[in-house]
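In: what follows is a predicted structure for the sequence shown.
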Amino acid sequence: MQGLIRFFAGTKGDADKLPIEEQIPALTLLSFIWCHTLCSVFNWMGQFYDWIHDYFYPNAPTSLVYVKPGYAGLAPWKDYFFFRRYFWRIRCLWERPVLNAPGSTIKVQLREGQGLACVESYSLSPIDQHVDVVNLASYNYLGFADGSCNSDVESAIHSFGTCSSSPAMELGQTILHKQLEQEFATFIGKEESIIYSMGYATNSTTIPALIYPGDLVFSDSLNHASIVAGCRSSGATIRVFRHNDPQDLEDMIRVAISLGNPKKSGAPWNKILIIVEGIYSMEGEILRLAEIVQVKKKYNCYLYVDEAHSIGALGDHARGICDHTGVDTADVDILMGTFTKSFGSMGGYIAANKDLIHFIRTNAFSPVYAGSMTPGCVEQIRAALREIQSDKGKKRIVALRENSNYFRRRLLEKGFKVIGDMNSPVVPMMIFHPLKMTEFSRESLKRGVATVGVGPPVTGVNGSRARFCISASLSREDLDRAIGVVEEIGELLLCRYVDDNGKALEQHKVEEMIKEKVNPVPKRNE
């Protein structure tokens, strides 16, 4: 069975050493190739029909994007081909209306499709019905979406209004904003921090202010799209290293330094910046920070760590990847994170030394041009931050870790292919087959569990998976109910890929991960 995988992957040796997307079982691989071929044939037949129709009736609206005569199309036809022929058919899996706060359980409003799913006239209309589901889809790691901070938020709104109506550099910086920046910098162990009203913009508008043409960036191959956008708009040279692989990073840095900047006849690079993530949101993997820091120090590079999913979710004190690994925050030049996952709010932050933060305030786009974070969201973060540092907050931290590890262990025991690390609140389960992924999402909703289905182009073509986001607010009964649903659907869709021998092997791996990951290194003195 594994020989077929190695044949297609072009790799010799054990299948477990292959990249996760190449560990697809042989029968699933054959089924995937057959279904993908049929879909491609029929979709291209439809595309040829549209082209012929446009040729003979150029002024008539078709199932393609209607373009006025004499005008060029706004959307490239290749992108629209994917949008219409693939995504439009399964859009019911996304944008599901939610009727309450994203707590441990939510009410999802049902929708009814009208028309053919492959044409633009197809619409999804809400109906007067809903289903109560266990919420394994929301980023509510510490459970602050439960409304426990509402009284503080309401007080801030009464005092400062619903919005700031100005960028931070003008009149959008209230006393609440300044207090949060000071409190958060102290919390994570940096001199100063700056907050943003949007998590995506924290990366995409800050990175271009830090690197320029003549600089070199080493970016993890699975970094978030906001990092990719920021790097591309900077004008710096970008090198992509193998995912979470410090050795590959070091090899590439050594070569880059020895060859110099090819655009300047081998002259030295102005500076080198390494960009990584604390937890990779589609893989559930935790950054090998200590090894990355060793490489960074060895070659005098700067290090930028995106903690969107790790801040609040990792470490005994919820201070993120540095807290989890025991690495001094002084060894990380720039810490970035968001408030949407563990703090029940919105926006993001950059934490670094004072001089760098002062530079970012006047050179990054968001502080100068974008509206600042609303006062209510600021106070939500401050209230959550106060609770995290209390005894009640410590219970949330422990509950999140225990829930994440329990759910991961139970899925492995049931024979599912689960990736990622212990202690990570992101638990991806490999399905491999895109059609199985879509059905998994539909069947989960029918049975009362909300999940996130992830497939191409977000993943590789055979890297489809279900992603579970664990919360401290989930009870053990909620998790057991969800595991029962996943097991039932796994039997229905034939996506339990680990046999009895494999289960024993996976259980051994889990025990080793528990030893290594739960308490990876002694914590430094506070």
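Out: Yep, it's here.

In: partners of the biggest strand by length in the chain, with directions?
Out: Counting by DSSP state E, the longest strand found in the chain is strand 123-135. Using DSSP bridges, the strands paired with strand 123-135 are strand 105-114 (antiparallel), strand 449-450 (parallel).

In: deepest-packed of those strands, please.
Out: With neighbours defined as mean count of other C-beta atoms under 10 Å, these peak in mean count at strand 449-450, which reaches a mean of 24. Using the backbone N, CA and C atoms, a C-beta is placed for each residue, glycine as well.

In: name the residues that touch the next helix or strand after it?
Out: Next helix or strand after strand 449-450 toward the C-terminus (DSSP states H and E): strand 452-454. Strand 452-454 has contacts (C-beta atoms under 8 Å, 6 or more residues apart in numbering) with 93, 137, 282, 428, 437-438, 440-441, 464-469.

In: if we can go back for a sec, how far is the longest strand of the chain from where the chain is centred?
Out: Strand 123-135 sits 25 Å away from the centroid of its parent chain (C-alpha atoms, centre = their mean, to the nearest Å).

In: so for it, mean pLDDT?
Out: Taken as a whole, strand 123-135 has an average pLDDT of 90.

In: for it, buried residues please.
Out: Leu124, His130, Val133, Val134, Asn135 (16 or more other C-beta atoms under 10 Å).

In: who does the first one bridge with?
Out: The residues paired with Leu124 through beta bridges, assigned by DSSP bridges, are Gly113.

In: as TSV, the strands paired with strand 123-135 with mean pLDDT and distance to Ser366 would be great.
Out: Below are those laid out as TSV (pLDDT from 0 to 100; distance: least, C-beta to C-beta, whole Å):
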stretch	mean pLDDT	distance to Ser366
strand 105-114	88	31
strand 449-450	96	31
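
In: for those strands, give me a markdown table that also has distance to Ala308.
Out: As requested, the strands paired with strand 123-135 are arranged in a markdown table below (distance: least, C-beta to C-beta, whole Å):
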| stretch | distance to Ala308 |
| --- | --- |
| strand 105-114 | 22 |
| strand 449-450 | 21 |
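
In: now for whichever strand or helix holds His177, which elements pack on it?
Out: His177 is part of helix 175-188, with elements assigned from DSSP H and E. Applying 3 or more C-beta pairs under 8 Å, 6 or more residues apart in numbering; DSSP states H and E, we find helix 175-188 packed against strand 192-196, strand 348-352, helix 375-388.

In: only C-alpha atoms, please: export that helix in CSV.
Out: What follows is helix 175-188, C-alpha atoms only, in CSV (Å, rounded to 0.1, in the frame of the first residue of the first chain):
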residue,chain,number,x,y,z
ILE,A,175,-6.1,56.7,27.3
LEU,A,176,-7.5,53.2,27.0
HIS,A,177,-5.2,52.5,24.0
LYS,A,178,-2.1,53.7,25.8
GLN,A,179,-2.9,51.7,28.9
LEU,A,180,-3.4,48.5,26.8
GLU,A,181,-0.1,49.1,25.0
GLN,A,182,1.8,49.5,28.3
GLU,A,183,0.0,46.6,30.0
PHE,A,184,0.5,44.2,27.1
ALA,A,185,4.2,45.0,26.7
THR,A,186,4.7,44.3,30.4
PHE,A,187,2.7,41.0,30.1
ILE,A,188,4.9,39.5,27.3
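
In: flag every buried residue along it.
Out: Buried positions in helix 175-188, judged by neighbour count with 16+ other C-beta under 10 Å: Leu176, His177, Leu180, Glu181, Phe184, Ala185, Phe187, Ile188.

In: who's the closest residue in space to the fourth one that isn't next to it in sequence bridged to?
Out: Same thing as Glu181. Excluding the flanking residues, the one nearest Glu181 by C-beta to C-beta, 6 or more residues apart in numbering is Ser193, at 4.9 Å. For Ser193, the beta-bridge partners are Ala351 (DSSP bridges).

In: how near is Ser193 to Phe218?
Out: 24 Å (C-beta to C-beta, to the nearest Å).

In: ok, Asn363 touching Ala209?
Out: Yes. Here Asn363 reaches Ala209: they are 4.3 Å apart, a contact under C-beta atoms under 8 Å.

In: for His309, give me phi and psi.
Out: Note on His309: backbone dihedrals following degrees, to the nearest 10 are phi -100, psi -10.

In: count the neighbours of it for me.
Out: 29 (other C-beta atoms under 10 Å).

In: now do the contacts for it.
Out: Contacts of His309 by C-beta under 8 Å, 6+ apart are Tyr139, Glu277, Gly278, Ile279, Tyr280, Ser281, Lys341, Pro425, Val426.
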